[in-house]
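Student: take a look and give me a structure for this.
(one chain, ligands or ions: 1)
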Amino acid sequence: MDKIKNCVFCDLKLNKGEVIFETENFFAGIGIGLAAPGHVMLIPKKHFACCADILKDLRPEFEDLKSLIFEKIKDAFGTPFLVEYGVFGQSVSHAHLHFIPKIRKATEFYPAYEIKDIFREMQIPDGIPVRPALWKTAAAMKRQNGGYVFLQNGDYAVLFERFEKELSYRHFFNEKMGVKDVPARWQDTTAEQEKIDVVKKQITCQLLKF
Ligand SMILES: [Zn+2]
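Tutor: Reported below is the predicted structural model:
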């Protein structure tokens, strides 16, 4: 299926987000309730439930763009952390891979953190089976268990077989880091938080050039 009615990534008019870069089949977008300046998503234009469902002929383009966005964020901000909620824990049922940069230097406006800080917090749950990240493994996990969670730190990428709240990057920013302008759910972004989002978006657009 190409487009789904009322899907905020199929119909961008429904979305308050912004497209900063696009190709024939994908776009890089800035959402709402951003975790940090430089937080972007890679999204297919066609409707797929998760990245593991992206059709084989679109996969090389997806991988190229994943690398391109990774490098751009690395240069402009710091090596990003990547996360995809492959159906588990997903709040928009249209594939989207998050890139959240490392923040090197604390500012009045935002704390500094390392990607390993996010990872340390997000690997707390015991007993969740972890597998090496390959898209064919993700697709198999989705068939067998109904979903997966994908996390990447540099070259280290893993798949989780279950979603727990601790695997949410929002849990890290909102609860562990105390970043009050990162809502626990993007749908709950307040008017105050939206103002901070505007600042984060401006920084993102200024520094990330495609
Ligand atoms: Zn969609």
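Student: so who does the residue in the chain sticking out farthest from the centre touch?
Tutor: For the chain, the residue at maximal distance from the C-alpha centroid (Cα atoms, centre = their mean) is E108, at 24.6 Å. Contact partners of E108, counting by Cβ atoms under 8 Å, 6 or more residues apart in numbering, are absent. (C-beta placed from N, C-alpha, C; glycine too.)
Student: quick check, F99 in a helix?
Tutor: No. With DSSP: H, G, I helix; E, B strand; the rest coil as the criterion, F99 is located in strand rather than a helix.
Student: correct me if wrong: it contacts M41.
Tutor: Yes. With contact defined as Cβ atoms under 8 Å, F99 and M41 form a contacting pair (7.2 Å).
Student: how about the residues of the protein near the ion?
Tutor: 4, 7, 9-10, 47, 94 (Cβ under 5 Å from the ion).
Student: redo those residues as TSV? Include secondary structure and pLDDT.
Tutor: As requested, the residues of the chain next to the ion are exported to TSV (DSSP: H, G, I helix; E, B strand; the rest coil; pLDDT from 0 to 100):
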residue	secondary structure	pLDDT
I4	coil	87
C7	coil	90
F9	coil	91
C10	coil	90
H47	coil	95
H94	coil	95
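Student: any figure for the gap between the residue farthest from the centre of the chain and the ion?
Tutor: 38 Å (Cβ to the ion, to the nearest Å).
Student: might you report the residue contacts of I73?
Tutor: Contacts of I73 by Cβ under 8 Å, 6+ apart are 38, 40, 79-80, 99, 101, 208.
Student: please name the nearest non-neighbouring residue to the residue nearest in space to the middle of the chain.
Tutor: In the chain, the residue lying closest to the centroid (Cα atoms, centre = their mean) is H98, at 1.4 Å. Nearest non-adjacent residue to H98, counting by Cβ to Cβ, 6 or more residues apart in numbering: V83, 4.8 Å away.
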